[in-house]
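> Got a sequence here, can you build the structure:
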Amino acid sequence: MSFSTDELSFFRAHTDEVGAVCARLGLTKATALADAALAREEFGEYGRAVVELAHARRSALGKLPGNWWACHESAQQATPMIVAHLRARRIAQAAAALVFDATCSIGTEGHALRSLGIPYAGGDLDASRLAMARHNLGDNAWLLRADALKPAIVGCDVLVADPARRSGGRRIVKPEDLIPPLPDVIDAWGARSELAIKCAPGLDFSEWDGLVSLVSVDGGVKEACLYSPGLAGGTRREALIAKRVAEGEAGGIDQRAIEVPGIAERYLVDRIDDQLDDDVDVTPPRRYIVDPDGAVVRAGLVRHYAHREGLSMLDPHIAYLTGDRLPQGTSGFPFIEMVPVKKLKAALRAHGCGSLEILVRGVDVDPDALRKKLGLKGKRQMSVVIARIGTQAQAFICGKRVTANEAREATAE
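Coordinates of the predicted model:
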């Protein structure tokens, strides 16, 4: 549950003490009773709120600055800082005199925009979220209580909005069902400013007259953002792939390193867009099979990515790719042989397979049910990629998943 304004006032008056107790809590199932007792002993009726704050901070490690205020729900809903920072970099190119974040929540977009020196104002209907944003962004942040569908600020160049994508625990799949509805946000602001509207990756964006940007972080697709034409730079589709890296780790020639202000994380970011050539061949399996990042698939840029990396397609309608090397910063599967799905069990037994990673696309196969059906008893770790090639389902038997660095080292040996 969210914090009351009274609880947030208590946090503000006891910032150091609250932070010290948060650091002492175990925050596991085994320590739940002890944590609650400690928090009540230190803070009485405010103990519950302190435990929730500690849990929210723990769940948002690497996603939000460690001293931020967030309840459980707002921490889960918050945009990862790297995603907000990538958006801020695009908005910065527009040289906006003022950006208004109509659903500012606890302030992630504001933090990213302000770190680049972009003038920012934030609004939200939830008084608790606004109070948390005030703490997180500082008392000099320009924040106001406002309805996202009732423009409360004049002269903003860019409108950022994040309509709620879940209701009653269920994911929303239609733009008109978002909260507030996506068409209503566009109607309210589209004639006033450029738009950057965050959406769920699975929505139908075919009618959007601007840029659709899909962003993934560490292999998981986090969001789609709809940019109006003035922010698109002539591009209609892009995929941004962000991966956390250790200090000194190098990326590929198409990747750039980004350090995100406020969190001790460094990312390599790769960008693929529809300005790239999409001329690729369809070939039999080569040395490796590659499953492109979900952002590339969702953005409809599989062919563009394949062309850039020198890969080919196994089928013109299936997103699995194949090549003689793995793109830098990715992983893939060393190809062994292709068999009909009905012969997969016998083939895996012949290879001594004991554990199996299963990938499926374009075929109605449940990986967990298939794994049980196969009854694997060998010792070898392997992978299988199942896809519809032409009109038939085929199984591509592969070795275990390897990274590009592992593949390169194996080749050198």
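
> Count the neighbours of Leu125 for me.
Leu125 has 14 neighbouring residues, counting by other Cβ atoms under 10 Å. Glycine gets a C-beta too; all of them are placed from N, C-alpha and C.

> got the contact list for it?
Each residue near Leu125 by Cβ atoms under 8 Å, 6 or more residues apart in numbering is listed here: 145-148.

> And Asp184, by the same measure?
Counting by Cβ under 8 Å, 6+ apart, Asp184 touches Leu149.

> Put the alpha carbons of whichever helix or strand it is part of into CSV.
Assigned by DSSP states H and E, Asp184 belongs to helix 182-189. As requested, the backbone C-alpha atoms of helix 182-189 are provided in CSV (Å, rounded to 0.1, in the frame of the first residue of the first chain):
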residue,chain,number,x,y,z
LEU,A,182,-3.9,6.6,-24.6
PRO,A,183,-6.2,8.3,-27.2
ASP,A,184,-7.4,10.8,-24.5
VAL,A,185,-3.8,11.7,-23.6
ILE,A,186,-3.1,12.4,-27.3
ASP,A,187,-6.2,14.4,-27.7
ALA,A,188,-5.4,16.5,-24.7
TRP,A,189,-1.8,17.3,-25.5
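
> so how far is Arg266 from Gln242?
No, residue 242 isn't Gln; it's Ala. As defined by Cβ to Cβ, to the nearest Å, Ala242 lies at a distance of 10 Å from Arg266.

> Name the residue in the two with the higher neighbour count.
Higher neighbour count among Ala242 and Arg266: Ala242, with 26 against 17, using other Cβ under 10 Å.

> wait, what's in contact with the more buried one?
Ala242 touches 82-83, 86, 215-218, 258, 267-269, counting by Cβ under 8 Å, 6+ apart.

> ok, what's across the strand from it?
Beta-bridge pairing of Ala242 under DSSP bridges involves Val217, Val269.

> where's it relative to Ala84, distance?
From Ala242 to Ala84 the distance is 11 Å (Cβ to Cβ).

> ok, now Ala23?
Going from Ala23 to Ala84 by Cβ to Cβ gives 26 Å.

> And the two? Which one has more around it.
Higher neighbour count among Ala23 and Ala84: Ala84, with 26 against 10, using other Cβ under 10 Å.

> helix or strand for that one, which one?
Going by DSSP H and E, Ala84 is part of helix 81-92.

> joint contacts of Ala242 and Arg266?
By Cβ under 8 Å, 6+ apart, Ala242 and Arg266 have these common neighbours: Ile258.

> pLDDT score for Arg244?
In this model, Arg244 is scored at 89, pLDDT.

> I misspoke; the intended subject was Ser206.
Looking at Ser206, its pLDDT stands at 85.

> Tell me if I am right that it is in a helix.
No - using DSSP: H, G, I helix; E, B strand; the rest coil, the assignment for Ser206 is coil, not a helix.

> Relative to Val173, how far out is it?
Distance from Ser206 to Val173, counting by Cβ to Cβ: 15 Å.

> what's the answer for Asp16, then?
From Asp16 across to Val173, the span is 45 Å (Cβ to Cβ).

> ok, now Val290?
According to Cβ to Cβ, Val290 and Val173 sit 29 Å apart.

> Could I get the full set of helices for the stretch 151-300 of the chain?
For the stretch 151-300 of the chain, the helices defined by DSSP state H, counting those that start in this stretch cover 182-189, 229-232, 294-298.

> and these, which is most packed in?
Comparing these by mean neighbour count (mean count of other Cβ atoms under 10 Å), helix 294-298 comes out on top with a mean of 23.

> on that earlier part again, and Val290 and Val173? Which one has more around it.
Val290 (25 against 12).

> In the stretch 201-350 of the chain, where is pLDDT below threshold?
For the stretch 201-350 of the chain, the stretches with pLDDT under 70 are 246-255.

> for the helices of the stretch 151-300 of the chain, which one sits closest to Val51?
Val51 sits nearest to helix 294-298 of all the helices of the stretch 151-300 of the chain, at 34.5 Å, using Cβ to Cβ.

> helix or strand right after that closest one?
Next helix or strand after helix 294-298 toward the C-terminus (DSSP H and E): helix 302-309.

> buried residues in that next one?
Residues 302-309 are the ones in helix 302-309 that count as buried (16 or more other Cβ atoms under 10 Å).
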